[in-house]
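K.L.:
Prediction below, plus the sequence it came from.
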Amino acid sequence: MTTATSTIAQPRLRLRTPEDILAGTPYLFGFHPSDSIVALGVRGRRLRFHLRDDLRDQCEDLDTLAEGYADMFHRQHVDHVVLIGYGPPGRVEPLLLATAAAMRRQGVAVHEMLWAHEGRYRSLVCDSACCGPAEGVPYDVTASAIAATATLIGMVALPDRATLVDSLAAPTGAALDTAERAARDAQARLARSADTPADGLAALDTALRRTRAGGRLTDEEVAWIAFLIHSLPLRDEAWMRIDRDGEPDLEVHERLWTDVLRRCAPTFAAPAAMLVSYAAWRSGNGVRSRIAAERALDADADYSAAKLMTEILDRGLSPQSLPPIVRRDRRPAPARRRVARRRKR
């Protein structure tokens, strides 16, 4: 099947053919899309920005929706996009064609446009009979070398978005009882603490060190850091460390705060959820970032940092478009030192 697609280099995957793209896309988002439109923005030969949205009913203004997608990718300064529509042809093709036309009006080239449904795909940029039958060409993402490579390097593709949402869900049943009991103990401990900033910094250091070593916090430690992280100086210290440590450690930070989010009392989940959202966004996983931001707002509808993350995601800002919170060559002052300076003032 001859197509116009060039090689897309993702930091850990190289997608050359339509089959590669279809096999790799679930790992980019963390789940297998269905009834979705997907756009992959490429600059040079590297993936710079990607988007997934639910298919819309035909009664909606598809042109307005398509213009919104095109404007978002135009702001990312990508050279070209690959569009994929997952779902029945009658639902997929109108939105794909409208989006492609909008992209071209914005000066963004469309190098490939794929329809995929029930194990078959077809290119919509190829009119030749050699491009395959109208009903599509069979494909199997599980048999792809791309899927094997992604799995080998630790990337995950869950069955659907609902499963991804569940992966960041609050504890239930006996786990919820444990979390709430630990939260009560943490409250009592906090009341006895003589130096909360020092306790917070020590808890953060311990949590990151143990997570890097492949360990997990105890239930009591989860509740304690979930409580302490409500302090803005400590929350900001954890936030800045995500940037200071950089790409090699993004997975460590995301794993730590995901564990805290999954195991802490839901009432106190907002800061941990926001940190998961930020780390996921910095690593390029916008879908996971949005789910985590929604978890933060479920816990505290007025949590300003979660609102900031939602605005970043709504505007389609990529990590490359915003500088880190702190320069990586400068360590932020320890929380207790910053608090001491404020007290002197």
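P.N.:
Received, thanks.
K.L.:
quick one, strands of this protein?
P.N.:
Applying DSSP state E to the chain gives strands spanning 8-10, 13-15, 36-43, 46-54, 80-86, 109-117, 120-123, 137-138.
K.L.:
wait, which of those strands is closest to residue 303?
P.N.:
strand 46-54 (24.7 Å; Cβ to Cβ). C-beta: built from backbone N, CA, C; applies to glycine.
K.L.:
Please save the CA atoms from stretch 172-179 in PDB.
P.N.:
Provided in PDB are the C-alpha atoms of stretch 172-179 (Å, rounded to 0.1, in the frame of the first residue of the first chain):
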ATOM      1  CA  THR A 172     -12.400   1.800  47.400                       C
ATOM      2  CA  GLY A 173     -13.600  -0.900  49.900                       C
ATOM      3  CA  ALA A 174     -11.000  -2.100  52.300                       C
ATOM      4  CA  ALA A 175      -8.300   0.100  50.700                       C
ATOM      5  CA  LEU A 176     -10.400   3.200  51.300                       C
ATOM      6  CA  ASP A 177     -10.900   2.200  55.000                       C
ATOM      7  CA  THR A 178      -7.100   1.900  55.300                       C
ATOM      8  CA  ALA A 179      -6.500   5.300  53.600                       C
END
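K.L.:
Pull out the buried positions in that stretch.
P.N.:
For stretch 172-179, a neighbour-count test (16 or more other Cβ atoms under 10 Å) marks 178, 179 as buried.
K.L.:
Worst mean pLDDT among the strands of the chain?
P.N.:
Ranked by mean pLDDT, the strands of the chain end with strand 8-10 at the bottom, a mean of 63.
K.L.:
Show me what stretch 136-156 is in contact with.
P.N.:
1, 12-13, 15, 18-20, 22-24, 26-27, 30, 32, 115-117, 119-122, 157, 251 (Cβ atoms under 8 Å, 6 or more residues apart in numbering).
K.L.:
any idea how far the residue lying closest to residue 20 once chain neighbours are set aside is from residue 156?
P.N.:
Sequence neighbours aside, residue 146 is the residue nearest to residue 20 in space, at 5.1 Å (criterion: Cβ to Cβ, 6 or more residues apart in numbering). According to Cβ to Cβ, to the nearest Å, residue 146 and residue 156 sit 14 Å apart.
K.L.:
hmm, back to that, now, of the contacts of stretch 136-156, which are buried?
P.N.:
By 16+ other Cβ under 10 Å, the contacts of stretch 136-156 give 13, 15, 18-20, 22-24, 26-27, 30, 32, 115-117, 121-122, 157 as buried.
K.L.:
can you give me the helices for the stretch 101-250 of the chain?
P.N.:
Here the stretch 101-250 of the chain has its helices, by DSSP state H, counting those that start in this stretch, at 145-152, 161-166, 173-192, 196-212, 219-228, 232-245, 250-263.
K.L.:
Quick check: phi and psi on the residue sitting nearest the centre point of the chain?
P.N.:
Centroid-nearest residue in the chain: residue 285, 2.5 Å away (criterion: Cα atoms, centre = their mean). With angles defined as degrees, to the nearest 10, residue 285 sits at phi -100, psi 80.
K.L.:
Surely it touches residue 27?
P.N.:
No. In this structure, residue 285 is not within contact of residue 27 by Cβ atoms under 8 Å, at 10.2 Å.
K.L.:
sorry, back to before: residue 146 and residue 156: who's more crowded?
P.N.:
Ranked by neighbour count (other Cβ atoms under 10 Å), residue 146 and residue 156 place residue 146 first, with 23 against 12.
K.L.:
Where does pLDDT dip in the stretch 51-200 of the chain?
P.N.:
58-60, 127-132 (pLDDT under 70).
K.L.:
I'd assumed residue 34 was in contact with residue 160.
P.N.:
Yes. Under the criterion of Cβ under 8 Å, residue 160 makes contact with residue 34 at 6.4 Å.
K.L.:
In contact with residue 310, which residues?
P.N.:
290, 293, 294, 297.
K.L.:
Now rank those residues by neighbours and give me the top one.
P.N.:
Counting by other Cβ under 10 Å, top hit in the contacts of residue 310: residue 293 with 27 neighbours.
K.L.:
Next one: it relative to residue 306, how far apart?
P.N.:
5 Å.
K.L.:
so what sits against both of the two?
P.N.:
With Cβ under 8 Å, 6+ apart as the test, residue 293 and residue 306 both reach 273, 274, 277.
K.L.:
can I assume the second one is in contact with residue 306?
P.N.:
Yes. Using Cβ under 8 Å, residue 274 and residue 306 qualify as a contacting pair, with a distance of 4.9 Å.
K.L.:
what residues are shared contacts of the two?
P.N.:
Common neighbours of residue 274 and residue 306 (Cβ under 8 Å, 6+ apart) are 293, 296.
K.L.:
Compare those two and say which is more crowded by neighbours.
P.N.:
Counted by other Cβ under 10 Å, residue 274 and residue 306 do not tie: residue 274 has more neighbours, with 31 against 25.
K.L.:
Distance check, the nearest residue to residue 159 once chain neighbours are set aside against residue 86.
P.N.:
In space, and not counting its chain neighbours, residue 159 is closest to residue 32: 6.0 Å by Cβ to Cβ, 6+ apart. As defined by Cβ to Cβ, residue 32 lies at a distance of 9 Å from residue 86.
K.L.:
now swap in residue 264 and tell me
P.N.:
35 Å.
K.L.:
the more surrounded of the two?
P.N.:
Between residue 264 and residue 86, counting by other Cβ under 10 Å, residue 264 is the more crowded of the two (29 against 23).
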